[in-house]
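>>> mind folding the following:
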Amino acid sequence: MKYTKVTLDGLAYELAPNVVTSSELEKRIQPVYDALRFQVGQIEALTGIKERRWWNEGFKLSDGAAGAGKKALAKAGVKPSDLGVVIYAGVCKESSEPATACAVASKIGTTKDCVVFDISNACLGVMSGMIDIANRIELGQIKAGLVVSCESAREINEAMIESMLKNPTMEHFKLSIATLTGGSGAVGVVLTDGSFGKKGPKLLGGTVQAAPQHWDLCQWDRDFMRTDAPAVLKNGMELAKLTWQSFSQKMGWTSADLDKTICHQVGGPQTTALLTACGVGHDKDFPTYEFLGNIGTVSLPLTAALAEERGFLNKGDRVGFIGIGSGLNCMMLGWEW
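Reported below is the predicted structural model:
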């Protein structure tokens, strides 16, 4: 994939208000730790995650997504009436039908000729939405598009804690621990053809690789999530190496040419393995997992927004967005910031 007309003009987020520490979660599963003879501190030791955030009970996903979307539009100088497409790309949805994007578009105030729909691609949802919009811009079909997401970890964590207490075995613990890394937040991303006055980062290109034979390593529904974390890490990194090879060839970049990276945030071991697979040092990466956990589709774009706010991303930097999602799928996008 190569692009010549696409710029990232608006990047914004909403943070969930309730901070939940790993030690707080461990207190709730203390009977499990007692049965397995574990010491408190396993979550942080295994993942590097100290805390994550939860929305208030009953919080509507479309409110978080619309809030982040409005902020992104304001940053981009784009009106709702300018949008050719609105995509909701979260793993968490308000209902199976209609598309959560419809509620978001209504709250933002789009026009009748705006295309509105959901995309689902595990933790790569927002990146997949960005590619959909970029393709429409490159083809001249639209001038601007918005992709949003809002993820909520409260409900799945509550369900998992209950399940762990009912089944305090080592096998169940191994398949459950990844769920407790989940965080909550919302993001909005506006891509345009550059005609709205703001000169945002340019999307230069990217690549996608898939290993669908590993589709069953991580599964999530409304009430339960199971993750074979070691297998996801092993097979995910093999896929990441192949994706990096393809990305490097298509972009004409070596790891030395890459100035900064923004990775999907899972945890410490995964970040180290992913950067190693790409031959990139930690000094080029901006991590957020320690205090935000894994926010699914929101993790990478929210991390990019924070990195930009805090001056980590500089004008002219070659920046790689690197994400892996259940399926398994891997996507890498190259930007000139």
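>>> switch to C-alpha atoms for all contacts and neighbour counts from now on
OK.
>>> bridging residues for Val189?
Counting by DSSP bridges, Val189 forms beta bridges with Leu11, Val147.
>>> Lys199 versus that one, what's the distance?
Distance, Val189 to Lys199, using C-alpha to C-alpha, to the nearest Å: 15 Å.
>>> so these two - more neighbours on which side?
Per other C-alpha atoms under 10 Å, whichever of Val189 and Lys199 has more neighbours is Val189, with 30 against 15.
>>> so how far is Ser326 from that one?
On the measure of C-alpha to C-alpha, Val189 and Ser326 end up 22 Å apart.
>>> residue contacts, Val232?
Residues in contact with Val232 (C-alpha atoms under 8 Å, 6 or more residues apart in numbering) are Leu217, Cys218.
>>> quick one: pLDDT of the closest residue to Pro80 other than its chain neighbours?
Distance criterion C-alpha to C-alpha, 6 or more residues apart in numbering; nearest residue to Pro80, sequence neighbours excluded, is Thr110 at 4.9 Å. Per-residue confidence at Thr110 stands at 97 (pLDDT).
>>> just the one 3 residues further on next, same as before
Here, the pLDDT recorded for Asp113 equals 95.
>>> now do the SS call for it.
Classification of Asp113 using DSSP: H, G, I helix; E, B strand; the rest coil returns coil.
>>> any figure for the gap between it and Val86?
As for Asp113, its distance to Val86 is 11 Å (criterion: C-alpha to C-alpha).
>>> among these two, which residue is more densely surrounded?
Between Asp113 and Val86, Val86 has the larger neighbour count (other C-alpha under 10 Å), namely 27 against 10.
>>> tell me the contacts of the more buried one?
Val86 sits next to Ala101, Ala105, Cys114, Val115, Val116, Phe117, Gly145, Leu146, Val147, Val148 when contact means C-alpha under 8 Å, 6+ apart.
>>> what segments of the chain are strands?
7-15, 18-21, 51-54, 85-88, 115-118, 144-151, 185-192, 202-210, 218-220, 225-227, 260-263, 318-325, 329-336 (DSSP state E).
>>> what lines up beside the last one in the sheet?
On the basis of DSSP bridges, the sheet neighbours of strand 329-336 come out as strand 202-210 (antiparallel), strand 318-325 (antiparallel).
>>> what angle do that strand and strand 7-15 make?
Note on geometry: by axes from the mean of the first three to the mean of the last three C-alpha atoms, to 10 degrees, strand 329-336 and strand 7-15 are set 120 degrees apart in direction.
>>> average pLDDT for strand 329-336?
Strand 329-336 comes out at a mean pLDDT of 97.
>>> also the second one?
Strand 18-21 shows an average pLDDT of 98 in the prediction.
>>> I'd like to know which elements it is packed against.
Other elements packing on strand 18-21 under the criterion 3 or more C-alpha pairs under 8 Å, 6 or more residues apart in numbering; DSSP states H and E are strand 51-54.
>>> what does the strand it packs on rub up against?
Contacts of strand 51-54 (C-alpha under 8 Å, 6+ apart): 15-22, 152-154, 181-185, 290-293.
>>> only the buried subset of the residues you listed, as a ChimeraX command please.
Restricted to buried positions by 16 or more other C-alpha atoms under 10 Å, the ChimeraX selection for the contacts of strand 51-54 reads:
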select :15,16,19,20,21,22,152,153,154,181,182,183,184,185,290,291,292,293
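>>> and the longest helix along the chain, how far out from the chain middle?
Assignment by DSSP state H gives helix 229-251 as the longest helix of the chain. From the chain centre to the centre of helix 229-251 is a distance of 17 Å (C-alpha atoms, centre = their mean, to the nearest Å).
>>> tell me the buried residues in that helix?
Applying a neighbour-count criterion of 16+ other C-alpha under 10 Å, one finds 229, 232, 236-237, 239-248, 251 buried in helix 229-251.
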